[in-house]
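Participant: Curious how this folds, go ahead:
(one chain, ligands or ions: 2)
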Amino acid sequence: MDKLIIKKSPPLHGTVTISGAKNAALPVLISSLLANSACTFTNVPNLRDITTTILLLRDFGAKVNQISANSLEIDASELDSVTASYELVRTMRASILVLGPLLAKYGRANVSLPGGCAIGARPVNLHLSGLEKMGAKVDVEEGYVRASVNGRLQGARIFMDMVSVGATENLMMAASLAQGQTILENAAREPEIVDLANCINAMGGKVRGAGTDKVIIDGVETLNGCTYDILPDRIETGTFLVAAAVTRGSIRCEKAAPATLDAVLSKLEQAGAVIKTGPDWISLDMKGKAPKAVSLKTMPHPGFPTDMQAQFVTLNAVAVGNGVITETIFENRFMHVPELHRMGAQIELEGNNAVTQGSSKLKGAQVMATDLRASASLIIAGLVAEGETIVDRIYHLDRGYEAIEAKLGGLGAHIERVSVK
Ligand SMILES: CC(=O)N[C@H]1[C@@H](OP(=O)(O)OP(=O)(O)OC[C@H]2O[C@@H](n3ccc(=O)[nH]c3=O)[C@H](O)[C@@H]2O)O[C@H](CO)[C@@H](O)[C@@H]1O
Ligand SMILES: C=C(OP(=O)(O)O)C(=O)O
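Facilitator: Ligands and ions are numbered 1, 2, ... in the order given. Below is the predicted model of the structure:
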């Protein structure tokens with residue numbers, strides 16, 4: 001099992017190239033199930049979740065070719081199975097997104113229930129009730145969602161009583177091959193949803209309103225293959241910017257999408273960073289100063305993203321002043337806090353608030369990554385902690401960050417991966 005060893009590092013400095021977004025790539029790759037011919041995807045990040053998606057698509061009988069380091073061709077026009085097994089689904093919750101497209105194109109699908117994970121229970125009731133509203137028969141048996149429909153799914157007006165990224169994506173894909181019009185009300189507005197809608201439209205679909213809370217999909221009879229370039233990863237970008245802020249550094253992120261990061265950039269400015277942006281780059285300069293603590297509450301987009309919460313908890317722990325970070329999306333997303341305590345961070349957990357007094361002097365320790373973004377927060381802490389930090393269980397990290405040690409190393413961080421047999 002691999003570990004990361006991080007030593008106290010100088011202020012991060014230099015340029016880092018941002019990869020394609022994990023959370024856009026997963027639904028976009030899965031949307032190839034809708035098409036009647038091959039799709040080519042570029043800017044695909046090299047991640048464990050992408051490998052899992054490829055295994056899942058191949059398991060259905062799709063042909064997947066790696067064209068170059070970050071491009072894939074997927075031909076899912078003929079499948080010999082519509083079953084997603086527990087072995088694959090349990091390692092990647094986004095596998096549930098195959099349900100909508102399989103049902104819309106093949107009239108049936110069996111998908112293992114993803115189950116809970118470290119950050120929360122994460123039910124899929126909205127995905128299932130939305131598909132039922134479109135005429136599907138959905139049963140949950142022996143841990144599997146077994147869904148079927150006679151003929152085509154039917155367009156419907158679906159109001160989701162919680163804002164869900166995954167349910168919006170699943171229903172958008174299902175509706176794109178349904179008969180008639182579907183209106184998704186209280187839809188999630190994340191940039192990754194807009195990316196998926198653009199991809200479906202590139203296949204010949206008719207999706208309008210993505211990026212607002214009302215998405216209108218006119219179902220078409222068939223969708224064709226397309227070529228699609230995946231959106232830059234806003235969470236990877238934000239993670240590097242926070243790492244630079246915590247180390248009092250100055251970096252530039254290239255191949256980024258500044259317009260997707262308003263809430264994060266605004267908090268970094270409050271923390272004292274000088275931020276500049278261009279069409280596809282963002283620079284941050286702390287002018288050698290320590291960050292100031294910020295207060296924030298996670299919210300669906302365009303609010304502050306829950307996937308950046310852990311990184312800001314580390315920022316607040318070492319910052320000047322008091323801050324309160326409130327998590328409103330997932331019920332158990334502070335697993336990094338006990339690990340940060342092991343490094344000497346002064347953080348009080350009060351319900352769903354992480355309260356910091358700031359200026360913690362961190363000391364390196366052996367810590368355990370419990371989920372993807374918790375891992376990132378521990379690495380950032382390791383960059384400013386005295387001595388050596390060892391981050392264990394980094395398979396979580398490898399789900400969502402491409403070559404993080406090489407990218408941080410390129411900015412001057414002292415970070416090394418070791419394989420332990
Ligand atoms: C692969 C991917 O894109 N993952 C992202 C996606 O996850 P994911 O799509 O799983 O997250 P959702 O937006 O669906 O979850 C938001 C909230 O709604 C709840 N819920 C969701 C569906 C449902 O049927 N019932 C229900 O109660 C969840 O438990 C959670 O409390 O959005 C999250 C919220 O921005 C991000 O943290 C994840 O990184
Ligand atoms: C929670 C995350 O991802 P997933 O939904 O794939 O678990 C994340 O990207 O931070």
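Participant: Centre of the chain to stretch 309-324, how far?
Facilitator: Relative to its parent chain, stretch 309-324 has a centroid offset of 21 Å by Cα atoms, centre = their mean, to the nearest Å.
Participant: try stretch 266-280
Facilitator: 21 Å.
Participant: is any part of stretch 35-50 close to ligand 1?
Facilitator: No. If you take Cβ under 6 Å from any ligand atom as the test, stretch 35-50 misses ligand 1, and the best it gets is 7.7 Å. Using the backbone N, CA and C atoms, a C-beta is placed for each residue, glycine as well.
Participant: any idea of the mean pLDDT for that stretch?
Facilitator: Stretch 35-50 shows a mean pLDDT of 97.
Participant: Likewise for stretch 230-239?
Facilitator: Rounded mean pLDDT across stretch 230-239 is 98.
Participant: Let's see that stretch as CSV, backbone CA atoms only.
Facilitator: Taking C-alpha atoms only, stretch 230-239 is exported to CSV below (Å, rounded to 0.1, in the frame of the first residue of the first chain):
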residue,chain,number,x,y,z
ILE,A,230,-13.7,17.6,-20.4
LEU,A,231,-13.9,20.7,-18.1
PRO,A,232,-10.9,21.6,-15.9
ASP,A,233,-11.1,20.3,-12.3
ARG,A,234,-12.2,23.2,-10.0
ILE,A,235,-11.6,21.2,-6.9
GLU,A,236,-8.0,20.2,-7.9
THR,A,237,-7.4,23.9,-8.7
GLY,A,238,-8.8,25.0,-5.4
THR,A,239,-6.7,22.5,-3.6
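Participant: Quick one: name the residues of the stretch 151-300 of the chain near ligand 1.
Facilitator: So the stretch 151-300 of the chain meets ligand 1 at 162, 164-167, 188, 192 (Cβ under 6 Å from any ligand atom).
Participant: Could I get the full set of helices for this structure?
Facilitator: Counting by DSSP state H, the chain has helices at residues 22-30, 48-60, 86-89, 99-106, 125-133, 165-176, 191-202, 234-246, 262-270, 309-318, 336-342, 372-384, 395-400, 404-410.
Participant: Could you list the buried residues of the fourth one?
Facilitator: Going back to what we said before, that points to helix 99-106. 99-105 (16 or more other Cβ atoms under 10 Å).
Participant: and which of those residues is nearest to ligand 1?
Facilitator: Leu99 (11.4 Å; Cβ to the nearest ligand atom).
Participant: is it true that that closest one touches Tyr144?
Facilitator: No. Under the criterion of Cβ atoms under 8 Å, Leu99 is not in contact with Tyr144, lying 10.7 Å apart.
Participant: and for these two, which residues touch both?
Facilitator: Val111 (Cβ atoms under 8 Å, 6 or more residues apart in numbering).
Participant: Where does pLDDT dip in this structure?
Facilitator: For the chain, the stretches with pLDDT under 70 are 116.
Participant: Over in it, which residue gets nearest ligand 1? Let me know.
Facilitator: For the chain, Cβ to the nearest ligand atom, closest residue to ligand 1: Gly166, 2.8 Å.
Participant: neighbours of that residue, just the number please.
Facilitator: Counted by other Cβ atoms under 10 Å, the residues lying close to Gly166 total 21.
Participant: I'd assumed Leu128 was in contact with it.
Facilitator: No. Using Cβ under 8 Å, Gly166 is not in contact with Leu128; the gap is 11.6 Å.
Participant: Stretch 78-89 and ligand 1 in contact?
Facilitator: No. Using Cβ under 6 Å from any ligand atom, stretch 78-89 never reaches ligand 1; the gap is at least 12.8 Å.
Participant: is ligand 2 contacted by that stretch?
Facilitator: No. Residues of stretch 78-89 contacting ligand 2 under Cβ under 6 Å from any ligand atom: none, with a closest distance of 11.8 Å.
Participant: Between the two ends of that stretch, how far is it?
Facilitator: 21 Å (Cα to Cα, to the nearest Å).
Participant: And stretch 7-23, by the same measure?
Facilitator: Stretch 7-23 has an end-to-end distance of 30 Å (Cα to Cα).
Participant: Could I get the buried residue list for that stretch?
Facilitator: 7-9, 11-12, 16, 18-23.
Participant: Likewise for stretch 166-174?
Facilitator: 166-174.
Participant: Of those residues, which is the nearest to Asn36?
Facilitator: Met173 (14.7 Å; Cβ to Cβ).
Participant: The closest one touches Leu97, doesn't it?
Facilitator: Yes. Met173 lies in contact with Leu97 (Cβ under 8 Å); the separation is 7.2 Å.
Participant: picking up where we left off before, want to try TSV for the helices of the chain, with distance to Leu349 as columns?
Facilitator: As requested, those are arranged in TSV below (distance: least, Cβ to Cβ, whole Å):
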stretch	distance to Leu349
helix 22-30	26
helix 48-60	29
helix 86-89	31
helix 99-106	35
helix 125-133	28
helix 165-176	26
helix 191-202	29
helix 234-246	20
helix 262-270	20
helix 309-318	10
helix 336-342	6
helix 372-384	14
helix 395-400	21
helix 404-410	27
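Participant: who wins for proximity to Val149 among those helices?
Facilitator: helix 99-106 (6.1 Å).
Participant: Say whether ligand 1 is contacted by the closest one.
Facilitator: No. Remark: helix 99-106 sits outside contact range of ligand 1, by Cβ under 6 Å from any ligand atom, the gap being at least 11.4 Å.
Participant: what's the offset of that helix from the middle of its chain?
Facilitator: Distance, centroid of helix 99-106 to centroid of chain: 23 Å (Cα atoms, centre = their mean).
Participant: by how many degrees do that helix and helix 191-202 diverge?
Facilitator: In terms of direction (axes from the mean of the first three to the mean of the last three Cα atoms, to 10 degrees), helix 99-106 departs from helix 191-202 by 10 degrees.
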